[in-house]
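**Q** From the sequence below, what's the structure:
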Amino acid sequence: MMTPIDPNNIYVISAINLVSGGPLTVLNCVLASLCKDPAKKLNFYVFTSRGCVIDEELKKNATLHIIEMPWACKNLFTRLFFEYVYLYFWSRSRGIYLWLSLNDVSPNVVAKRRVVYFHNPSPFLPFKQMVLKHPLFVLYGFLYNLVYVFNVKKNDFVVVQQNWIARIVSKRYCPRRVITALPTEDNEIAILPENQCHIDVKSQFCFPAFPRFFKNYQVIGDAVILLNSMGYTDFSVTFTLNGNENKYSGIIKKKYGHLSQIKFVGLLSRPEMQRLYSQTHVLIFPSLLETWGLPITEFKAYGKPMLVAERPYARETVGRYASVCFFNPSNSHELADLMARVIDKTIVYSGADVDDVYDCLNYDSLAKQIFSL
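**A** Next comes the predicted model:
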């Protein structure tokens, strides 16, 4: 029998490392769904390193209490101290009903119920294929495997974003239960008929992603160079980086900054991202590794065409969609050919037809699963 939810219970959400990109979107959407039902009268305490990343509308909710801990992310030592020492002493005398960790880490806390959300993709990378090209990232993925497995069995369930990851997590970490929850909102998807996505003006592409090496910005940059050599110049590609975010973004800006077709706009807010989607004709998503690939889902809501990497995550994220072509993310010639056909208005979209069953279809249904504990 399930333990009834006491109106005075405390729910804690630790999200100390979620400050940008898709993970930040997950944080704000999960908080919005948890706080949606005022009848429950629960108190939500949110640990974050930067309170400013929480949506302003959420901050108006009297049940939401934000606890800023900027020191917790200063380095690896402070992060481990925070997760496994500080939170234990903070939690042990507060009568916490449920602890939800959105940080991938299963912290050392005292709570009646515990849930952890895995969204870092590094433990699921193809080690054999990447160990020579990116040994440091392979090491990072190995260390994250240790983080994932530590304390994982103390959770009532683990949340992941795709079924192919759920199968790996179940086999590798043996948690009590794994729930697959789509990181989506209740957007009505307008799917365009196949091959009817015509472009009447200068072709505008975009790739919105925080600059990390596995996002694979370089395959688009190389494709643009190839298009220029083929005589294609009347198009644009928007990158959501400016070269100052990290070392990788600096490399991309230095290597491709001379190309007039590429616009470096930097990181965008959610309203700015929606504006970019509305102005873009075709999304390019070449990422080598994702636990979902949120821009794919967001762009589908506009019913526009997409060129997407042929990777396991991508097929599941695209689902059923007519106006999509998949390409080898290591082959810039293949991508350049698809982009040229978009510009020439001769492209024939292959489409995708993947049906899958998930435990939670959106953030609201995930909140219901959490409240059912």
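**Q** Let me see the confidence value for residue 150.
**A** Residue 150 is assigned 90 on the pLDDT scale.
**Q** Now do the contacts for it.
**A** Contact analysis of residue 150 by Cβ atoms under 8 Å, 6 or more residues apart in numbering lists 105, 106. For the C-beta atoms, the positions are set from N, CA and C on the backbone; glycine is no exception.
**Q** mind listing what's buried in the helix or strand hosting residue 78?
**A** Here residue 78, judged by DSSP states H and E, is contained in helix 76-81. By neighbour count on 16 or more other Cβ atoms under 10 Å, the buried set for helix 76-81 is 78, 79.
**Q** Give me the contact list for the helix or strand immediately after that helix in the chain.
**A** Of the helices and strands lying after helix 76-81 in sequence (DSSP H and E), the nearest is helix 87-91. Under the criterion Cβ under 8 Å, 6+ apart, residues 12, 14, 47, 99, 107, 108, 109, 110, 111 lie in contact with helix 87-91.
**Q** wait, the fifth one sits on residue 83?
**A** Yes: between residue 107 and residue 83 there is a contact under Cβ atoms under 8 Å: 4.4 Å.
**Q** who touches both of those two?
**A** Common contacts of residue 107 and residue 83, defined by Cβ under 8 Å, 6+ apart, comprise residue 14.
**Q** Is my assumption valid that residue 114 occupies a position in a helix?
**A** No: note on residue 114: no helix contains this position according to DSSP: H, G, I helix; E, B strand; the rest coil, which reports strand.
**Q** Quickly list what it is bridged to.
**A** residue 99 (DSSP bridges).
**Q** can you start the count at 48 instead of 1 from here on
**A** Got it, the first residue is 48 from now on, which makes the last one we talked about residue 161.
**Q** how many other residues sit next to it?
**A** If you count neighbours by other Cβ atoms under 10 Å, residue 161 ends up with 24.
**Q** So it versus residue 152, what's the distance?
**A** In this view, residue 161 and residue 152 are 12 Å apart by Cβ to Cβ, to the nearest Å.
**Q** and what of residue 162?
**A** Counting by Cβ to Cβ, the gap from residue 162 to residue 152 is 12 Å.
**Q** Then residue 166?
**A** For residue 166, the distance to residue 152 - Cβ to Cβ - is 12 Å.
**Q** the more surrounded of these two?
**A** residue 152 (25 against 20).
**Q** that's a strand at that one, yeah?
**A** No: per three-state DSSP, residue 152 lies outside any strand segment and is coil.
**Q** so who does it touch?
**A** 61, 130, 163, 194, 197, 198.
**Q** Looks like the third one contacts residue 156 (just checking).
**A** No: taking Cβ under 8 Å as the contact criterion, residue 163 and residue 156 are not neighbours in contact, 10.9 Å apart.
**Q** If you count surrounding residues, which of these two has more?
**A** The residue with more neighbours, out of residue 163 and residue 156, is residue 163; 25 against 22, by other Cβ under 10 Å.
**Q** What mean pLDDT does the helix holding residue 125 get?
**A** Confidence over helix 123-128 (mean pLDDT, whole number) is 91.
**Q** Packing partners of it?
**A** The contact analysis (3 or more Cβ pairs under 8 Å, 6 or more residues apart in numbering; DSSP states H and E) places helix 123-128 against no helix or strand.
**Q** Please repeat the previous calculation with a cut-off of 10 Å.
**A** Counting by 3 or more Cβ pairs under 10 Å, 6 or more residues apart in numbering; DSSP states H and E, the packing neighbours recorded for helix 123-128 are helix 182-196.
**Q** Distance of residue 345 relative to residue 154?
**A** Taking Cβ to Cβ, one finds residue 345 at 30 Å from residue 154.
**Q** So for these two, which sits in the more crowded spot?
**A** Taking neighbours as other Cβ under 10 Å, residue 345 and residue 154 compare with residue 154 leading, 26 against 20.
**Q** circling back to that earlier point, not counting the helix holding residue 125 itself, show me its contacts.
**A** 63-64, 96, 116-120, 122, 133-134, 150, 152, 190, 194 (Cβ atoms under 10 Å, 6 or more residues apart in numbering).
**Q** Check these and tell me the two furthest apart.
**A** Spatially, the most separated pair among the contacts of helix 123-128 is 117 and 190, at 23.1 Å (Cβ to Cβ).
**Q** if I read this right, residue 198 contacts residue 151, doesn't it?
**A** No: here residue 198 does not reach residue 151: they are 11.4 Å apart, not a contact under Cβ atoms under 10 Å.
**Q** Now list whatever residues contact both of the two.
**A** residue 163.
**Q** So for residue 174, what's the pLDDT?
**A** So, for residue 174, pLDDT stands at 61.
**Q** How is the spatially most distant residue from the centre of the chain assigned, secondary-structure-wise?
**A** Going by Cα atoms, centre = their mean, the residue of the chain most distant from its centre is residue 278, 35.6 Å out. Secondary structure assignment for residue 278 (three-state DSSP): coil.
**Q** Which parts of the protein belong to which domain?
**A** The chain breaks down into these domains under automatic domain parsing: 57-229+406-418, 250-400.
**Q** least reliable of the ones you listed going by mean pLDDT?
**A** domain 57-229+406-418 (a mean of 88).
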